[in-house]
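Student: structure, please.
(4 chains)
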There are 2 protein chains.
Amino acid sequence: MAHRPKNTVLLETASIDRDSFEPAYAQLANILRQNMVEGLLRPGSQLPSEAQLVERYGVSAMTVRRAINILVDQGVVTAEQGRGTFVKPVTLSAATFQLGQLENLFGNREGTNVQLLETRIVAADERVARKLAIHEGKRTIYMRRLLWNDNEPAFYHREYLIYDPTRPIVEAELEVTALQQLFSGTSEARSETGITSSLLKHGEISMEATLLDEEEARLLKVLQPMAAFCFEHLFYDFDDKPVSWGWFIGRADRLRFTTQVGLINA
Amino acid sequence: MAHRPKNTVLLETASIDRDSFEPAYAQLANILRQNMVEGLLRPGSQLPSEAQLVERYGVSAMTVRRAINILVDQGVVTAEQGRGTFVKPVTLSAATFQLGQLENLFGNREGTNVQLLETRIVAADERVARKLAIHEGKRTIYMRRLLWNDNEPAFYHREYLIYDPTRPIVEAELEVTALQQLFSGTSEARSETGITSSLLKHGEISMEATLLDEEEARLLKVLQPMAAFCFEHLFYDFDDKPVSWGWFIGRADRLRFTTQVGLINA
DNA sequence: AAGTGGTCTAGACCACTAT
DNA sequence: TAGTGGTCTAGACCACTTT
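Tutor: Numbering: from 1, shown residues only, chains lettered A, B, ... in the order given. Okay, the predicted model is just below:
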């Protein structure tokens, strides 16, 4: 016996229900996580080896691996080749905040709507030209919108869009560009018309905390000084050319991102 | 022929290199993603069926499934049983911001250090008692710290810790609780002493944008009014009892979270 | 040499969707 | 009924770590 599997107790009497709707790999992953939740498997300790799990739960090696891969992807264990699989300790830096949370916040889609404040053609100044990778002075579409939720202004959105008659960036896309997406959530790929021809290939989004300026405070109906979240976004088409640059500003006292780290049930 | 696989062209001449270090499933996932990046596979369009991919790339069905699962996990495609697998359009709300980004920001670990401003025993007021689920008036450990980066104060951290002689929450844990974690990144499970006995089971973290108050501004050496990020954290032990409640406040002009959505190379 | 994670296959079977 | 994604197995082989 070369490698002594130290304190690797074989845990719990729970077993796989072959008649369940839940796949065996998912059941096993949950059993293992439950063992961690209950403290039978503490941070730093080693999981039973794959061979042991195969025996104990009567599933194939592939199924065990898949279960463990899930836990690895979830960030609760690390698998080290030749050594074993270990429970990871809780880490602050593992926290991730999802922009999609805002959709829940804007829950009642009835009460949310978009007010177009202004849309006009403007010449790109140095900053806009740089962001959109066009020449200074070229024409762009400038839009200002106010997003309402429950009869309160929630976000002030400003956006510059490429204006190029040779590029198909017209009306339809204007709507899609960013706003619909924010609310439409996972944005089902299936459209009723058949084809969802998104022109957008990818985008960069950044988040900052800022102070509202006078205009922003007025539109959002709050008093200065007021902290705010600012989400800047830059979207590209399939030629990797920028098509849209803009930013959302929302009053901080209405926004809060939360997340969990470590071993949570279910 | 029942279900016509519409415009499903079999793509690209790229193929799997069996001698590569990169596993076949990863190579296939990358080939497929590359097809999306290049625009051969647009949002809404259907991927070749698994059977087709098996034939085209000469790998087993399991390998194909694993490749596709990766793309599903990455959120770039959706797989619908009985229908097919489709490319997802870009979505703003898919953006996720990782707290771990701060570690890169605090890159030079040489230049970062922690200054303990104060530590004392205080009686829990109503708010602290509620957060830590103890009785008002019970003793807690209150700590104030300043986190420096490049000879600049970056974060001001305040924290209340359970003070209970019957619970092992002593000195060693004080250090670990949150700070080490913020800097130590993935926080390797392997400690030199052998056992990493983290007492923390899980935690909740929330992010807000706020204004610095007078004391915070003074300590962080900035002028009011100044926007700031506030990260509140509440950690629990393996009995699901709170052990630590506190918050980091950092000047907003030094912090920026960025992320990408959609189809990115590599 | 023994034990560990990691990859891969060939084929079976199931559940769902479209026609 | 044919095509689709989804699960599962038994066994082979490899690479790494420990003793």
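
Student: any chance you could map the strands in the stretch 151-266 of chain A?
Tutor: The residue ranges that make up the strands of the stretch 151-266 of chain A, judged by DSSP state E, counting those that start in this stretch, are A:152-162, A:200-211, A:227-237, A:242-251, A:257-262.

Student: how about those strands in JSON lines, adding mean pLDDT?
Tutor: Shown next, in JSON lines, are the strands of the stretch 151-266 of chain A (pLDDT from 0 to 100):
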{"stretch": "strand A:152-162", "mean pLDDT": "92"}
{"stretch": "strand A:200-211", "mean pLDDT": "94"}
{"stretch": "strand A:227-237", "mean pLDDT": "94"}
{"stretch": "strand A:242-251", "mean pLDDT": "93"}
{"stretch": "strand A:257-262", "mean pLDDT": "95"}
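
Student: now these in a markdown table, with distance to residue A:18?
Tutor: Where C-beta positions appear, they are placed from N, C-alpha and C, glycine not excepted. Formatted as a markdown table, the entries for the strands of the stretch 151-266 of chain A read as follows, by distance: least, C-beta to C-beta, whole Å:
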| stretch | distance to residue A:18 |
| --- | --- |
| strand A:152-162 | 49 |
| strand A:200-211 | 43 |
| strand A:227-237 | 47 |
| strand A:242-251 | 49 |
| strand A:257-262 | 31 |
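
Student: and the ones you listed: which comes nearest DNA strand D?
Tutor: Counting by C-beta to the nearest atom of the strand, DNA strand D lies closest to strand A:200-211 out of the strands of the stretch 151-266 of chain A; the figure is 22.2 Å.

Student: how about the strands of the stretch 151-266 of chain A in CSV, adding distance to chain B?
Tutor: What follows is the strands of the stretch 151-266 of chain A, written out as CSV (distance: least, C-beta to the nearest C-beta, whole Å):
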stretch, distance to chain B
strand A:152-162, 11
strand A:200-211, 3
strand A:227-237, 4
strand A:242-251, 9
strand A:257-262, 3
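
Student: ok, what's across the strand from residue A:97?
Tutor: When bridges are called by DSSP bridges, residue A:97 pairs up with residue B:97.

Student: from residue B:124, how far off is it?
Tutor: 29 Å (C-beta to C-beta, to the nearest Å).

Student: can you tell me which residues contact residue A:142?
Tutor: Residue A:142 makes contacts with A:118-122, A:158-161, as judged by C-beta atoms under 8 Å, 6 or more residues apart in numbering or on different chains.

Student: and those as TSV, adding distance to DNA strand C?
Tutor: As requested, the contacts of residue A:142 are arranged in TSV below (distance: C-beta to the nearest atom of the strand, whole Å):
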residue	distance to DNA strand C
A:118	42
A:119	38
A:120	43
A:121	43
A:122	45
A:158	40
A:159	35
A:160	39
A:161	34
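
Student: among those, which pair sits farthest apart?
Tutor: Taking C-beta to C-beta as the measure, the contacts of residue A:142 span a maximum distance of 14.9 Å, between A:121 and A:158.

Student: neighbour-wise, which of these two wins?
Tutor: Set side by side, residue A:121 and residue A:158 show more neighbours around residue A:158, with 16 against 9, by other C-beta atoms under 10 Å in any protein chain shown.

Student: which residues sit in contact with that one?
Tutor: Counting by C-beta under 8 Å, 6+ apart, residue A:158 makes contact with A:142-145, A:246-247.

Student: kindly report the same for residue A:250.
Tutor: Contacts for residue A:250 (C-beta under 8 Å, 6+ apart) come out as A:154-156, A:220, A:228-229, A:231.

Student: okay, the helix or strand residue A:30 falls within in PDB with CA atoms only?
Tutor: Assessed by DSSP states H and E, residue A:30 sits inside helix A:24-37. Extracted as PDB, the C-alpha positions of helix A:24-37 are listed here (Å, rounded to 0.1, in the frame of the first residue of the first chain):
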ATOM      1  CA  ALA A  24     -26.900   9.900 -11.600                       C
ATOM      2  CA  TYR A  25     -24.000  12.300 -12.000                       C
ATOM      3  CA  ALA A  26     -26.000  15.200 -10.600                       C
ATOM      4  CA  GLN A  27     -27.200  13.100  -7.700                       C
ATOM      5  CA  LEU A  28     -23.700  12.100  -6.900                       C
ATOM      6  CA  ALA A  29     -22.500  15.700  -7.100                       C
ATOM      7  CA  ASN A  30     -25.200  16.700  -4.700                       C
ATOM      8  CA  ILE A  31     -24.500  13.900  -2.300                       C
ATOM      9  CA  LEU A  32     -20.800  14.900  -2.200                       C
ATOM     10  CA  ARG A  33     -21.700  18.600  -1.700                       C
ATOM     11  CA  GLN A  34     -24.200  17.700   1.000                       C
ATOM     12  CA  ASN A  35     -21.400  15.900   2.800                       C
ATOM     13  CA  MET A  36     -19.400  19.100   2.700                       C
ATOM     14  CA  VAL A  37     -22.400  21.200   3.800                       C
END
